[in-house]
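**Student:** here you go, sequence then predicted model.
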Amino acid sequence: MSEILLEIDGRQVEASPDMTVLQAAQKLGIKIPTLCHHEKLEPYGACRLCMVEVESRGSTKLVVSCVYPVENNLVVRTRSEKVDKVRKMILELLLAHAPDSRDLQRYAQEYGADKNRFEKEPSFCIHCGLCVRYCAEVKKKHAIGFIDRGTHREINFIQEIASKECWNCKECFPLCPTEALQAAYVLSGALVSSLPIFK
Amino acid sequence: MPRIESPEELVKVREEILSRRDPNKPCISICAGSGCLASGAGEVIEAFKKEIEAQGLTAEVDTKGTGCPGFCQRGPVVVIYPEEICYLGVKPEDVPEIVSQTIKEKKVVERLLYEDPATGEKATLESEIPFYKYQERINISTNIKLDPQSLEDYLAIGGYSALAKSLFEMTPESVLEEVKKSNLRGRGGAGFPAGIKWEGSRNAPDPVKYVLVNADEGDPGAFMDRALLEGNPHSILEGLAIGAYAIGAHEGYIYVRQEYPLAVKNVSIAIKEAEEYGFLGKNILGSGFDFVVKVHQGAGAFVCGESTALMTALEGRAGEPRPKYIRSNIKGLWEKPTVLNNVETWANVPLIINKGADWFTQLGTEGSKGTKIFSLVGKINNTGLVEVPMGMTLRDIIYKIGGGIPGGKKFKAVQTGGPSGGCLPEELLDLPVGFDELTKAGSMMGSGGMIVLDEDTCMVDVARYFLNFLTDESCGKCVPCREGIRQMLKILTNITQGKGKEGDIELLEELAEVTQVAALCALGKSAPNPVLSTLKYFREEYEAHIKEKRCPAFSCKELIAFYIDPDKCGACTACSRKCPSEAIIGGKNKIHIIDQEKCTKCGTCFEVCPPRFAAVKKISGEPVPPPIPEEARTITRGGKS
């Protein structure tokens, strides 16, 4: 397949047609902040932190770079007033849930996000889905999943699977951008209550 | 019934059906849609059947339960053919009189006719009732003529002739051209031109393609798709089959919400019958074209009305939207080219094929062709489904068809487009209803919900209501939607509870802006619309709540109080007897006082206070006057008592 030629932050880059804008940017060494992205996993497009501005066929729009496919003559700006505004707000919204996350704090500094802007509702989990998707896509175990929807959405270990699979794995722990607090907490709860001794 | 193997046979079958039917034979059509069934149509149908049998008229009179004609407010609706006499609010005990008078004596039962509330004038025929008179019912008018579970009924009114025409007189390309020429736009929300969507799928290289019906109607107060699917399921199947032929699909799905059991039942029966007759399945009408349809029941998630979430759910996964930088018509269900259209969009297709794009484009406005069915609900005299040509003004829909606002109240706003739509104020009542017009005004067509709000409605509370709906119905996958809605709802709730503060409006606007640009799917992107449109047209209500702690509509409980004007109280004790929280101190010949500590603000005292006194007042934004002293409460009545 022929290479695609596009421009990111004023620099030309060649990309293969199956690449996303995020991958093309990474090729140039341009850093775009991400929370739900992981190279081993299918693009998810949920945290929206990797939004960039693209100019395509005469119109400018904001798109999520981890999903948006590269196209010829695309002009990408990874920073702009609009992009920064979205990123700042997203970080502030998430900091209400996980104010101590180091990833979030680091980004917050870069984008001037105020961690006290919204009332604290510490749930630790920011629903990036890394643990859920890693367990499903890489480990193919489905030991953890999302339950409920909307603002009630939570991650939850499926006890029957977790009690068999998780002790020797725990590969999801380091993936968690909120330092595995929630993962560890929920996991231990799930495992303890499903141990035969407690039944 | 053997399969129909050619268009000629179809004509013969239709002629044969019509030859068995005497157009002058009386037929009693009773609406058996969900609305009328809820108001007792099932018992009415039974009563008619029994009475007809008891009178020995079974051979001379037909009785049938039909689809919904739209006038839900006045159900159960009964129409008697051939005269088309329309009776409203019919009860089982009315049935013997209808049979003896109208069927036997050909006399009209006056008391069951529509009566104009203003003039007292009666309307005998369906077409004379103002609710129907101003409509343009190209889709929904057939409902009352059909038993939805009878394919014969559909064939009798020309059913499946558009499919036969498409398969034998047209090429897939010419079908596509006709639909494109009609400029039929999607009736589900966004108004995307159906023909262009179809063309994308047709031209996509993948040979396996799908057509889908979006019957996951979930907007609060919207039920037009239900009426079509329940009332005339074959028209949807016919449209779908024509679409499949045009794009080259051989498989279709109807994604219908489980909460519509009658729609599921009727469309499932319709599919079975259509297969038996050869309108679906292999080698349709002998044309060589194969097309099968399956019904998929949704599991109760509003977000599954969103195209990509619907397809994900259909694939058997959790119904969450996926980013669609490649459109679904190119890469949709199981990554195959997929055309998803709303129920009403598909229902229009057979009409366009039969009558032509030129006929269709005569109806409507420059940008929005044809008609649109709205479910007119809320503070309106005539609740129901109304089908009007695009371009009719909101005022005509609400006042001419809807009969205006009940109880002498003032119109305040009309909410269109469901949770993704917005509220339009009185100064926009002359806005012609069309896709672009509504969007420009800050609302949207959506699937056609139209909720009328009167002066007693608090606009901040309306925005709060829709955001609250969305906190439960957002899938929760992307941050701007899940968290943006959560924060907007918090702010709105605070404002309605009198806890609003300086800067809230600006923060709402900022959250709304980010949610609009950054959310993953259409649900999230449009979620701020209820907030933005009420801020645009009713900003002063927000400000009154925040700055003066006043609810201008006297609706937000935390911001209002009830107070009895001592100069007006007649000591009738009506309020103190009805008060559910024993908050009213009174007694015979005593001026009544409301104990503000005990009052739950239910408003009962306000409602029961006789108009000749009108002593109970609602207060907001100002302190409640102190109660008059105990000794001043006794009323002396001119020596009478």
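**Tutor:** Sure, I can see it. Computed from a predicted structure; not experimentally measured. Residues are numbered from 1 along each chain as shown, chains lettered A, B, ... in the order given.
**Student:** per the annotation, how does chain B divide into domains?
**Tutor:** B:17-145, B:159-362, B:371-454, B:459-547, B:560-632 (automatic domain parsing).
**Student:** quick one, which of these is nearest to residue A:157?
**Tutor:** Each of these has some distance to residue A:157 by C-beta to C-beta; the shortest is domain B:159-362, at 16.6 Å. The way it works is simple: take the backbone N, C-alpha and C, and place the C-beta from them, glycine included.
**Student:** is that closest one anywhere near chain A?
**Tutor:** Yes. Using C-beta under 8 Å from any C-beta of the partner chain, domain B:159-362 reaches chain A at B:301, B:303, B:318, B:322-323, B:325-326.
**Student:** out of those residues, which end up buried?
**Tutor:** B:301, B:303, B:318, B:322-323 (16 or more other C-beta atoms under 10 Å in any protein chain shown).
**Student:** which of the three states applies to residue B:423?
**Tutor:** strand (DSSP: H, G, I helix; E, B strand; the rest coil).
**Student:** how about residue A:161?
**Tutor:** Residue A:161 - assigned by three-state DSSP - is helix.
**Student:** run a quick neighbour tally on it.
**Tutor:** 17 (other C-beta atoms under 10 Å in any protein chain shown).
**Student:** same check on residue B:418?
**Tutor:** Neighbours of residue B:418 (other C-beta under 10 Å): 28.
**Student:** which one of the residues of domain B:159-362 next to chain A is nearest chain A?
**Tutor:** residue B:323 (4.1 Å; C-beta to the nearest C-beta).
**Student:** in this structure that closest one contacts residue A:51, no?
**Tutor:** No. If you go by C-beta atoms under 8 Å, residue B:323 and residue A:51 don't touch, sitting 11.3 Å apart.
**Student:** who touches both of those two?
**Tutor:** Common neighbours of residue B:323 and residue A:51, counting by C-beta atoms under 8 Å, 6 or more residues apart in numbering or on different chains, are residue A:64.
**Student:** turn the domains of chain B into TSV, columns for mean pLDDT.
**Tutor:** Listed next are the domains of chain B as TSV, based on pLDDT from 0 to 100:
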stretch	mean pLDDT
domain B:17-145	93
domain B:159-362	95
domain B:371-454	93
domain B:459-547	95
domain B:560-632	93
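**Student:** how about those in JSON lines, adding distance to residue A:74?
**Tutor:** Putting the domains of chain B into JSON lines (distance: least, C-beta to C-beta, whole Å) gives the following:
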{"stretch": "domain B:17-145", "distance to residue A:74": "43"}
{"stretch": "domain B:159-362", "distance to residue A:74": "11"}
{"stretch": "domain B:371-454", "distance to residue A:74": "28"}
{"stretch": "domain B:459-547", "distance to residue A:74": "19"}
{"stretch": "domain B:560-632", "distance to residue A:74": "54"}
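**Student:** which of those domains sits closest to residue B:151?
**Tutor:** domain B:159-362 (4.2 Å).
**Student:** ends of that closest one, how far apart?
**Tutor:** 23 Å (C-alpha to C-alpha, to the nearest Å).
**Student:** what residues are bridge-paired with residue A:59?
**Tutor:** residue A:56 (DSSP bridges).
**Student:** burial count for it?
**Tutor:** 7.
**Student:** try residue B:598
**Tutor:** 12.
**Student:** ok, now which ones touch the nearest residue to it once chain neighbours are set aside?
**Tutor:** Excluding its sequence neighbours, the residue lying closest to residue B:598 (C-beta to C-beta, 6 or more residues apart in numbering or on different chains) is residue B:583, at 3.6 Å. By C-beta under 8 Å, 6+ apart, the contact set of residue B:583 is B:594-600.
**Student:** could you rerun that using 6 Å?
**Tutor:** Going by C-beta atoms under 6 Å, 6 or more residues apart in numbering or on different chains, residue B:583 touches B:594-595, B:598-599.
**Student:** most surrounded residue in these?
**Tutor:** Neighbour max across the contacts of residue B:583 (other C-beta under 10 Å) = residue B:594, 23 neighbours.
**Student:** and the residue of chain A found nearest chain B, how many neighbours?
**Tutor:** Nearest to chain B in chain A, going by C-beta to the nearest C-beta, is residue A:153, at a distance of 3.3 Å. Residues near residue A:153, counting by other C-beta under 10 Å, number 18.
**Student:** mind checking how far the closest residue to it other than its chain neighbours is from residue B:124?
**Tutor:** Spatial nearest neighbour of residue A:153, excluding adjacent residues (C-beta to C-beta, 6+ apart): residue B:476 at 3.3 Å. Computed with C-beta to C-beta, to the nearest Å, the distance linking residue B:476 and residue B:124 is 54 Å.
**Student:** looking at these two, which is more packed in?
**Tutor:** residue B:476 (25 against 16).
**Student:** need the contact list for the more buried one.
**Tutor:** Contacts of residue B:476 by C-beta under 6 Å, 6+ apart are A:149-150, A:153, B:482.
**Student:** surely it is within a helix?
**Tutor:** No. Secondary structure assignment (three-state DSSP) places residue B:476 in coil, not in a helix.
**Student:** please parse chain A into its domains.
**Tutor:** According to automatic domain parsing, the ranges for chain A are A:4-46+A:55-76, A:80-122, A:130-198.
**Student:** which outside residues touch stretch B:314-322?
**Tutor:** Contacts of stretch B:314-322 (C-beta under 6 Å, 6+ apart): B:296, B:301, B:304, B:306, B:308-309, B:312-313, B:333, B:475, B:477, B:520-521.
**Student:** now the residue in the stretch 151-300 of chain B that chain A sits nearest to, nearest residue through space, not along the chain?
**Tutor:** Nearest to chain A, among the residues of the stretch 151-300 of chain B, is residue B:300, at 10.4 Å (C-beta to the nearest C-beta). Spatial nearest neighbour of residue B:300, chain neighbours left out: residue B:258 (6.2 Å); criterion: C-beta to C-beta, 6+ apart.
**Student:** my guess is that neighbour contacts residue B:297, does it?
**Tutor:** Yes. Between residue B:258 and residue B:297 a contact is recorded at 4.5 Å, counting by C-beta atoms under 6 Å.
**Student:** of these two, which one has the most company?
**Tutor:** residue B:297 (17 against 12).
**Student:** burial of residue B:203, as a residue count?
**Tutor:** By other C-beta under 10 Å, neighbour count at residue B:203 equals 13.
**Student:** specify the local secondary structure of the residue nearest in space to the middle of chain A.
**Tutor:** What sits nearest the mean C-alpha location of chain A, by C-alpha atoms, centre = their mean, is residue A:36, with 1.0 Å. With three-state DSSP as the basis, residue A:36 sits in coil.
**Student:** and residue B:294, backbone torsions?
**Tutor:** Per-residue torsions, residue B:294: phi -120, psi 150 (degrees, to the nearest 10).
**Student:** and residue A:25, by the same measure?
**Tutor:** Torsion angles, degrees, to the nearest 10, at residue A:25: phi -70, psi -40.
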